[in-house]
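**Student:** Take this sequence and fold it.
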Amino acid sequence: MSRRARGYVGGKAASVEVRRRDLATLFGASLVGAGLGATRSAGAKGVLMASLPEDETFMRLALAEAARGDFPFGAVIVRDGAVLATGHNSGIATNDPTAHGEMVAIRTFLSGRPAGELQGTTLYTTGEPCPMCMSAIVWCGIGRVVFAASIEELSTRIGQIMVPSRAIADAAPFATLSITGGVLAAEALALFKT
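**Tutor:** Numbering: from 1, shown residues only. Coordinates of the predicted model:
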């Protein structure tokens, strides 16, 4: 990979604005507009947040979605107490290894709404998002992620890329994302046959 492709211009790291413009060109402004449109503070990151009273209710919906999946992962996107989209892992059924519950929920949402409407939503998922899903969550501008079982817990049942969601969020200086983990984790892990 050339130095220019890695974000280097004239021997120096490209500015955030140049990288932002290049990403918007590469991915299309509609896909990354939520994540690139408004620059947030350079110190922005994943912020750990305590569970809210409604979290168990929406996590139970994600668990019900997970029970329908090829692998027991389900997701629900919510705003102001209303479910906007759901998804479950369908990688085997669709021959699509990217069809994780979170990705399916995001695609379902986007099939009927503009990407900008994902900003500030909450995504509930039965497993801590993998790096692919977490990156999509950041790019979409989703404001909060609530997960059941952590990547570390999931790795006792199924192979995982051992990068926690907070590491992805912390690597995105343009976004602040609240992260809540452990909501009904035992119930999510119980969906895996041991």
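**Student:** Where do the helices of the chain begin and end?
**Tutor:** 16-27, 29-36, 55-66, 91-94, 101-110, 131-140, 151-154, 165-170, 185-190 (DSSP state H).
**Student:** The fifth one packs against which elements?
**Tutor:** Read it as helix 101-110. Where contact means 3 or more C-beta pairs under 8 Å, 6 or more residues apart in numbering; DSSP states H and E, helix 101-110 is packed against helix 55-66, strand 74-79, strand 82-88, strand 122-127, helix 131-140. All C-beta atoms are positioned from the backbone trio N, CA, C, and that covers glycine.
**Student:** what's the weakest-modelled helix or strand in this protein?
**Tutor:** strand 8-9 (a mean of 32; mean pLDDT, DSSP states H and E).
**Student:** Low-confidence stretches in this protein?
**Tutor:** 1-44, 194 (pLDDT under 70).
**Student:** before we move on, back to that, nearest to Gly74, out of the helices of the chain?
**Tutor:** helix 55-66 (2.9 Å; C-beta to C-beta).
**Student:** Can you give me the buried ones in the closest one?
**Tutor:** 55, 58-59, 61-63, 65-66 (16 or more other C-beta atoms under 10 Å).
**Student:** Residues contacting that helix from elsewhere in the structure, which ones?
**Tutor:** Residues outside helix 55-66 that contact it (C-beta atoms under 8 Å, 6 or more residues apart in numbering): 72-76, 78, 83, 86-89, 101, 122, 124-126, 146, 148, 180, 183-184, 187-188, 191.
**Student:** Stretch 178-194 now?
**Tutor:** In contact with stretch 178-194 (C-beta under 8 Å, 6+ apart) are residues 46-52, 55-56, 59-60, 63, 66-67, 72, 124, 126-128, 143-150, 153-154, 156-158, 165-166, 169.
**Student:** Check the offset of it from the chain's centre.
**Tutor:** Centroid separation for stretch 178-194 versus its chain: 16 Å, with C-alpha atoms, centre = their mean, to the nearest Å.
**Student:** ok, now stretch 77-97?
**Tutor:** That offset, for stretch 77-97, works out to 11 Å (C-alpha atoms, centre = their mean).
**Student:** Likewise for stretch 66-82?
**Tutor:** Distance, centroid of stretch 66-82 to centroid of chain: 12 Å (C-alpha atoms, centre = their mean).
**Student:** likewise stretch 130-143?
**Tutor:** 3 Å.
**Student:** what comes up buried for it?
**Tutor:** Buried residues in stretch 130-143 (16+ other C-beta under 10 Å): 130-131, 133-143.
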